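Enquirer: just to be clear, the model below is a prediction. Sequence and coordinates:
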Amino acid sequence: MCGIVGYIGDQRAEPILIDGLKKLEYRGYDSAGVAFIDDGAFHVVRAKGKLSCLIDKLKNMGSHSTIGIGHTRWATHGKPDEINAHPHHSRDVVLVHNGIIENYNTLKSEMIKKGHKIISETDTEVICHLIQDHLDQDMPFLKALISSLKKLNGAYSLVILNRNNPDHIYLARKGSPLVVGLGEGGNFVASDIPALLAHTRDVTFVEDNEIAVVSRERALFYNLSGDPVNKEIKKITWTASQAEKGGYKHFMLKEIMEQPRVLADTLLGRVDLEGLSVNLGEAGALLETMVREPEFRLKIVACGTSWHAGLVGKYWIEDLAKVLVGVELSSEFRYRQPLVTPKTLVVAISQSGETADTLAAIRESKRLGARVLSICNVVESSIPRESDATIYTHAGPEIGVASTKAFTTQMAVLYMLAIKLALEKNLLSDHEASQKIQALIEMPKLIEKTLGDLKPIMRMTERLRNKKHCYYIGRGIEYPIVLEGALKLKEISYIHAEGFAGGELKHGPIALIEEKVPVIAVVLKGQLYDKMVSNILEVKSRGAMVLALVNAEDKDIQSHFDEILHIPYADPDLNPFLTIIPLQLLAYYVAVDRGTDVDQPRNLAKSVTVE
Ligand code: M6R
């Protein structure tokens, strides 16, 4: 999510850090900062907004130090302002962080009790104080760092300076990427390869639960027991543009592939690992007060992909929590007299947080007295700012216009919301809730498995590449998924694509079926399996070419299909997390095959801030 750089060598650190941060700008950020050690003192400069604001400040406050660290922040905890911007520091420790510390609140209270002063709202600042606390007990730096890391729950990559040792940069990693670049006359540190490429192509990756100590001459690696670890030096052969995309050809593919990690990030700190509770912060408190109202209703407003996530959410919330949910396109909602009251919780879903129609829908809802909860990916964007509470999806910057990882994380938030409401209404026992949460925690691994099976996608791509029309069918909770699959295909490949509920075919759409027309069917084991099989036979007998997503090892029906793609078995409620993955990949590969501009399809913008 955030961008990290570091340098130690015989040149001035400042221009190297700024240049590195510029190379990471494509990732999106809302504030930036750098820290140096100058004559035994920390020199920290931070600014809200673009790097140009930081550069302006550095004109008067620059540094000649040859050791420094830098950061571009994509806010997750606390608004994007100067106080929350990294680097953060205590007396002897200054650091930058990428990731999410789950137990920061508990640690913060402990540190405050011990007399530490913590001024930001971040989950990062407490780490400086934790290390400081160990240093104050006369521990050597490395030992203080290791002891502190053992107290952190969550994900991190950390790059740290010690005021008393201007000859070393310390690194630690668990879950978030970090790489050391080995150069002539100095060494480099970064969260991503693009920041290093101008200086070196020899790199060593820091692995999970490793720390590194980087000096001007070398980088040494250790495990958390303090034992040395031997590392391989790798040569990077990517071009600068490939490197920005993590080696992938397009941002969209990178973002599809990131889904296991960002889904895990979205669950971090919200579901108890023991599987017993759902912590939704201020949003949880809002739900707790409103759910007791006898006329409590939910109204979801959103556009495009976010609207599809809302449709999936309706199935979960009505099924588990028995709360009536209306899901409406924001652009429709805003121009009618919607029936919302002070007993209604309007849930606005938006990746960007700036979608004009959704913003107008929440303003109208508030005018009518409703409370607004937003599910959003961009901290402090307009929609969260105007909401009563927000649950942030921790998908990180989404750059491809076609939304992918935002969708998966929106679904994760909606599923947690459904469990939370069901628990509040005593409709789930602790045991049932725990099973559901455990199944959700398993999803990143199953998504990883689904992402690994590209051969059937390539065969399907071959069959779709020259088609003019393509239909998607699914039932129940897979109905919104086929709508989303069709949206992905149409927006990036420009093939006309429509999603239908299987049961609706006979009410009209089946008239479209003719010889060789592609129909993509989601037909997983479960309640509506037999009904879907009948729908497939209906289109097959009219000549359709059927490409099907079936459960692994479902041999019974395979003979009816022209191509099959296997979806791992999972809790049926959670199948949408798995079925959307091949549909995203299929849209992507078909678009690549047709040579369209995948990341910036014609006529579309990432953030639709006008009507
Ligand atoms: O930022 P938002 O989630 O509010 O955006 C909503 C839609 O504009 C967005 O999902 C759009 O449909 C995407 N291009 C879909 O891939």
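Expert: Looks like it came in fine.
Enquirer: could you list the domains of the chain?
Expert: Split into domains by automatic domain parsing, the chain comes to 3-244, 271-447, 455-594.
Enquirer: next one: the second one to chain centre, how far?
Expert: Right, the one you point to is domain 271-447. 16 Å (CA atoms, centre = their mean, to the nearest Å).
Enquirer: what sits closest to the closest residue to the ligand within the stretch 101-250 of the chain if chain neighbours are left out?
Expert: Using CB to the nearest ligand atom, the single residue of the stretch 101-250 of the chain nearest to the ligand is H250, 13.7 Å away. Bear in mind the C-beta positions are built from the backbone N, C-alpha and C, glycine included. Closest residue in space to H250, ignoring its immediate chain neighbours: V598 at 4.6 Å, by CB to CB, 6 or more residues apart in numbering.
Enquirer: likewise for R363?
Expert: With CB to CB, 6+ apart, the residue lying closest to R363 is E386, at 6.9 Å.
Enquirer: returning to that earlier point: closest one to K254 among the domains of the chain?
Expert: domain 271-447 (8.0 Å; CB to CB).
Enquirer: what is the mean pLDDT for that closest one?
Expert: In this model, domain 271-447 carries a mean pLDDT of 93.
Enquirer: same deal with stretch 133-149?
Expert: 96.
Enquirer: follow-up on the earlier one: the residue nearest to R363: how many residues sit nearby?
Expert: Residues lying near E386 (other CB atoms under 10 Å) number 16.
Enquirer: and for A360?
Expert: A360 has 17 nearby residues by other CB under 10 Å.
Enquirer: circling back: distance to the ligand added to the domains of the chain, as CSV?
Expert: Below are these laid out as CSV (distance: least, CB to the nearest ligand atom, whole Å):
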stretch, distance to the ligand
domain 3-244, 13
domain 271-447, 2
domain 455-594, 6
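Enquirer: where do the strands sit along the stretch 451-600 of the chain?
Expert: 469-474, 496-501, 518-523, 545-551, 563-567 (DSSP state E, counting those that start in this stretch).
Enquirer: return the most buried member of these.
Expert: Of all those, strand 518-523 carries the top mean neighbour count, a mean of 26, counting by mean count of other CB atoms under 10 Å.
Enquirer: residues contacting L446?
Expert: P568, A570, F577, L578 (CB atoms under 8 Å, 6 or more residues apart in numbering).
Enquirer: biggest separation within these, which pair?
Expert: P568 and F577 (10.5 Å).
Enquirer: looking at these two, which one has more neighbours?
Expert: Legend: neighbour count by other CB under 10 Å for P568 and F577, higher for F577 (27 against 16).
Enquirer: I'd say that one and M443 touch.
Expert: Yes: F577 is within contact range of M443, at 4.8 Å (criterion: CB atoms under 8 Å).
Enquirer: who touches both of the two?
Expert: Listed as contacting both F577 and M443 by CB under 8 Å, 6+ apart are L263, A412, A570.
Enquirer: which one (most neighbours) among these?
Expert: Neighbour-wise, the shared contacts of F577 and M443 (other CB under 10 Å) top out at A412, 29 neighbours.
Enquirer: hmm, stretch 598-611 touching the ligand?
Expert: Yes: on the criterion CB under 6 Å from any ligand atom, stretch 598-611 is in touch with the ligand at L604, S607, V608.
Enquirer: what about the residue nearest to the last one when sequence neighbours are not counted, how many residues nearby?
Expert: If you skip the residues right next to it in sequence, V608 has T355 as its closest partner in space, 5.3 Å away by CB to CB, 6+ apart. Using other CB under 10 Å, T355 has 28 other residues around it.
Enquirer: in PyMOL, how would I select the buried members of the residues of stretch 598-611 next to the ligand?
Expert: To isolate the buried subset of these in PyMOL, counting by 16 or more other CB atoms under 10 Å, use the following:
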select buried, resi 608
